Structure formats: C-alpha cells, structure tokens
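J.: only geometry, no sequence info:
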C-alpha cells in the first residue's frame, strides 16, 4: 500500500464527508475511506484486468486485506482499524459493498453524497416525522445513489410545499427484502449530508415501492420481486413487462395515432425479412425487442455488407425476438465546439399525479458520432436538453434546425399522450427522436418507454416544472400520485374506531383531497 494512495484516499474521504482534512474517521465512515483506497489502487496503470472495473476493484480489495490496514493509522483509530479489519475478513456483504462503492468511483463522476456503511445494525431508522416509506428496490448497486438521491431531493421539495414531511425514501436491494419487510436499507441523512446503509434489527414495512436499476436480468427480477410485495407499486410487473415489449408498445402507440418508426418483429432465424426490410429503406435500426440501455442496438445502411447484418441479428437473437425499424432521427446535434454532428435522442420523464400524465423533466442522449446510437451504453453521453436544442442540425443536408417554444410544447404533448396510451406507471422515461422533412419542420417520433428509467441524476426539470428554473430534478407530481393512490385505498371502515391512532392517519394534503 503506497503512502500516496493513503494520502489521496484520506483526503478524498474527508472532502466527501465534509470533514476537516486528516480527520480521524469513525467506523461507519471507514467505508468511504476504503472506497477511495480500493479505487486508487484499482486505477493504477499496473493493476491487472484493466477492462473490468469490478474485477480490478475486487483484486485491489483482496490485496488491501492481505496487507492489513496498518498504513491507515491516523485515518482510523486503532480500535476502529481492528473492527474494520474484522469486517473485511468475516463480513462478505461489507466487502461486496466496498467493491460496489469503488466501482462507482472508477466509472462515474460523483453525483450523490457519500455512503457510510454502519458496522452495527440499527434498531430503527431515525425519527424524521415522515409517515410513508417509499422503497427504491434495486439490484445493480454501484451507481444506485445516483437514482435514489434525486428522487429523495424531489420528495423533500414536495413535502416542503405541502407542510410535510410525508415521505421517507429508502433504497432496498431485492435480496434485502424478506417476507415483504426490508431488513437492510440505504437512506439519505440530511443532517450529515450523507447516505447511511444499515441492517435493521426490526425490519420495516414499505408503503410503496419502485423498481429501478435491476441489472441485466431485470425482467426476471422484476417479476419475482414484484410478486412478493403487497404494497403500492409505481411500476407494477404487468405494466412494466408490456412496456419492455418494444414492438407491442409501438403497435399500441400507432393505434393511438402517435408517430413511430415503421418496423417489424423478427423471430430468431428470420433473416430474409430483415434483408428485405433493409432493401426497402435507406437506413434501419436493429435492436433486441426487450433490450435496454442501447445494448446491441446498431444502425445499418443498404451499402453495409449482408454478413454484418446477419452477425448483428445473431447477437440480438440471443435475447429473443428482434425489432427492426426505419431510422427516423433525421435531426442530430451539432457540437458547437467541433462542428461535428452526433446522433440525438431525448429522454422525457412523465409522471402520473393520480389524475393525469405530466412531462416534468428529461435529458438528451448523444452518440459518439452520427453513425452510432444516441445511448450511453453505445459510448454516447448524457447532456441537459437546453444544451442541445439550440444547435440541432438536419443530418441529411447539414442545415440548422430551429426548435421553437411551440415545438417544445408539442414534444411534451406527444410524450404525455404516449404515457396515457399505456397502462399507468407512476414514472416512466420515454425516448423520442426528432425528424424533419428538410424544410425546417420538426416532428417528434416515439421510440421506447422505460418503466425503470435510469440516469435520473442527469435530469433537469422542463420549463415551468419543478421550481421553474430548469433545475436538477425528476418529478414532484409522482409524489402526488402516491398520495392520491393511498388516499383512495384508505376507504373508511364501516365500523371505525371512535378513537383512531393519529399516527396511522392517511397522508393528506390539498391535492390529495381533490381526489
């Protein structure tokens, strides 16, 4: 263990926790120090397994445990160091979570407060006045705070408007749920501005849940975990699985009169229809019908070799049927710094407030160039909508495409109609591309609806939503939807207790009373 690695990790841990530099850290804060220690070692040029962040982090932690933590004297008191060493030897979950935290540092910039892992189980969560516990059920752990943090911030803003607090937001990995109760949680502590992860000696009941970041086997996990929960679900399995079927969703959108790319569903082995479709179109898109995050999505032109198309079909068919569709993103983004044109897709978050669908926030996704999908999974990047809508370009002719306030209003209307044409979801991420006829007119074209939207930390409120400043945030109306659903479900008992316990009263506020 190099002294430089220790110094850098110690400094980053203190900065991240808001402590004076060279402060002695507590046992719970040690997870932040270990995160940066593992990340520093894993990022070194001589670390093996350069192409896999998780493998690098695991090897680095293993070496750290083998060497002992003697070099951390000063950062940790002797007693704390011994407790941490024991946890690293005996607690597999603690080690696993340290690896997750290190991976988050290796693959992303920090977009949420630090995570402190409690060494001892808590008897209960600290009292904060909330009366409703909303659980974010996840599996893919490294960047989960990037999803939980913006939702927690939105809940706090919502509650401040409604004389709360009403909602407590907790993250719960799926295997932390036992018989419907959360035995371990991850929650934001506003007093210390950090996340606390702890086991609970008294597991807690969740009043509502939302499935996010479920990993590669997301549909299987979603179905399994949703079946075991009896509480309110913002993205229940039935509605989510229907949205995961891209082709079926497009058919429903088309039946509702919404614009989609022309396409067809190919069962494994049906190469002839794929080649015929390409022969009749200038450009096409090949994608797994139930894929996510742009995985295995590829563009093809008529000039591309037939064997390339066959290879991509074979790759996608590993996931089941394939959707092939016309490429309709006629409008791209021109980088003002380089003049290069990139493919462009817009992600709009639509919430259901219990009465209607409302487009509240979003971000833009750009490709590495104009010939690759606009997806982070395909090497692209996420950007604020305002950063791209002023420099839109027609891909075919290279002309600037203006995007007016009326165009933005039409975009919001389209995604709200798209959400309404599907089974209700508390929050969905709808992907849209922009097309043009070459004369400057812009048409939104619907691609997909994600019932488990990711990248929430990149979202900013649309004009007029949130606080009206296009600030960072995802949804305020989603929380109204939860409150309204709870209010509707809590119908009065025919023989009510004349002296009900006020702590069990339903969440009510002016909007909820309208329902």
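T.: In hand now; what should we look at? As the structure is a computational prediction, the values presented were derived from the model and not from experiment.
J.: pLDDT below threshold where in the chain?
T.: Along the chain, the parts satisfying pLDDT under 70 run over 1, 48-50, 438, 490-515.
J.: okay, which residue is most central for it?
T.: Taking Cα atoms, centre = their mean, the centroid of the chain lies closest to residue 454, which sits 2.2 Å from it.
J.: quick one: that one is in a strand?
T.: No. Checked against DSSP: H, G, I helix; E, B strand; the rest coil, residue 454 lies outside a strand; its state is coil.
J.: how would you label the closest residue to residue 111 other than its chain neighbours: helix, strand or coil?
T.: Spatial nearest neighbour of residue 111, chain neighbours left out: residue 457 (4.1 Å); criterion: Cβ to Cβ, 6 or more residues apart in numbering. Glycine gets a C-beta too; all of them are placed from N, C-alpha and C. Three-state call for residue 457 (three-state DSSP): helix.
J.: just checking, residue 457 touches residue 112?
T.: Yes. Counting by Cβ atoms under 8 Å, residue 457 touches residue 112, with 6.7 Å between them.
J.: what touches both of these two?
T.: 146, 149 (Cβ atoms under 8 Å, 6 or more residues apart in numbering).
J.: For the residue nearest to residue 376 when sequence neighbours are not counted, give the beta-bridge partners.
T.: Closest residue to residue 376 apart from its sequence neighbours, by Cβ to Cβ, 6+ apart: residue 382 at 6.0 Å. Counting by DSSP bridges, residue 382 is bridged to residue 365.
J.: burial count for residue 382?
T.: 17 (other Cβ atoms under 10 Å).
J.: That one is in contact with residue 454, isn't it?
T.: No. In this structure residue 382 lies outside contact range of residue 454 using Cβ under 8 Å: 9.9 Å.
J.: Would you verify that residue 186 is located in a helix?
T.: No. Under three-state DSSP, residue 186 sits outside any helix and is assigned strand.
J.: so how far is residue 206 from it?
T.: Distance of residue 186 to residue 206, given as Cβ to Cβ, to the nearest Å: 13 Å.
J.: list the residues that contact both of those two?
T.: With Cβ under 8 Å, 6+ apart as the test, residue 186 and residue 206 both reach 170, 172.
J.: in what helix or strand does residue 243 lie?
T.: Per DSSP states H and E, residue 243 falls inside helix 237-244.
J.: What helices and strands are in contact with that helix?
T.: If you count contacts as 3 or more Cβ pairs under 8 Å, 6 or more residues apart in numbering; DSSP states H and E, helix 237-244 packs onto helix 218-227, helix 246-255, strand 442-450.
J.: one more time with 6 Å, if that's ok
T.: Where contact means 3 or more Cβ pairs under 6 Å, 6 or more residues apart in numbering; DSSP states H and E, helix 237-244 is packed against helix 218-227.
J.: Hey, what's the angle from the helix it packs on to helix 237-244? Just curious.
T.: 170 degrees (axes from the mean of the first three to the mean of the last three Cα atoms, to 10 degrees).
J.: any residues touching helix 218-227, and which ones?
T.: 137, 139, 174, 211, 214, 237, 240, 244 (Cβ atoms under 6 Å, 6 or more residues apart in numbering).
J.: again, but for stretch 67-78
T.: 1, 6, 10, 24, 25, 30, 33, 81, 85.
J.: neighbour-wise, which of those leads?
T.: Each of those was scored for neighbours by other Cβ under 10 Å, and residue 30 scores highest at 27 neighbours.
J.: The nearest residue to that one once chain neighbours are set aside: neighbouring residues, count only.
T.: The shortest distance from residue 30 to any non-neighbouring residue, by Cβ to Cβ, 6+ apart, is to residue 84 (4.8 Å). Neighbour count of residue 84, defined by other Cβ under 10 Å: 23.
J.: before we move on, the earlier item: count the neighbours of the residue nearest to residue 111 for me.
T.: Under the neighbour criterion other Cβ under 10 Å, residue 457 is assigned a count of 23.
J.: Please give me every residue in contact with it.
T.: Contacts of residue 457 by Cβ under 6 Å, 6+ apart are 111, 146, 150.
J.: Which one of those is nearest to residue 196?
T.: Proximity of the contacts of residue 457 to residue 196 (Cβ to Cβ) peaks at residue 146, which lies at 16.8 Å.
J.: following the helix or strand hosting that closest one, which helix or strand shows up next?
T.: Take DSSP H and E as the rule and residue 146 turns out to sit in helix 145-161. With elements assigned by DSSP H and E, the helix or strand that comes after helix 145-161 is strand 167-173.
J.: which residues of the stretch 1-150 of the chain fall in helices?
T.: Secondary structure of the stretch 1-150 of the chain (DSSP state H, counting those that start in this stretch): helices located at 3-17, 30-42, 53-67, 78-90, 92-107, 145-161.
J.: Arrange the ones you listed in TSV, one row each, with distance to residue 271 as further columns.
T.: Output for the helices of the stretch 1-150 of the chain, formatted as TSV (distance: least, Cβ to Cβ, whole Å):
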stretch	distance to residue 271
helix 3-17	52
helix 30-42	43
helix 53-67	35
helix 78-90	52
helix 92-107	36
helix 145-161	38
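J.: between these, which one is nearest to residue 283?
T.: Among the helices of the stretch 1-150 of the chain, helix 92-107 comes nearest to residue 283, with 31.3 Å by Cβ to Cβ.
J.: Okay, buried residues for that closest one please.
T.: Neighbour counts over helix 92-107 (16 or more other Cβ atoms under 10 Å) mark 94, 95, 97, 98, 99, 100, 101, 102, 103, 104, 105, 106 as buried.
J.: for stretch 217-225, same thing?
T.: 218, 219, 221, 222, 225.
J.: closest to residue 129 among these?
T.: Of those, the one sitting nearest to residue 129 (Cβ to Cβ) turns out to be residue 225, at 28.8 Å.
J.: Now do the same contact list for residue 118.
T.: Residue 118 neighbours (Cβ under 6 Å, 6+ apart): 28, 198.
J.: now do 10 Å
T.: Going by Cβ atoms under 10 Å, 6 or more residues apart in numbering, residue 118 touches 27, 28, 31, 94, 184, 196, 197, 198, 199, 200.
J.: can you put those in TSV and add distance to residue 314?
T.: TSV is the format used below for these (distance: Cβ to Cβ, whole Å):
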residue	distance to residue 314
27	52
28	49
31	43
94	42
184	41
196	47
197	42
198	46
199	45
200	47
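J.: Cool, thanks, talk later.
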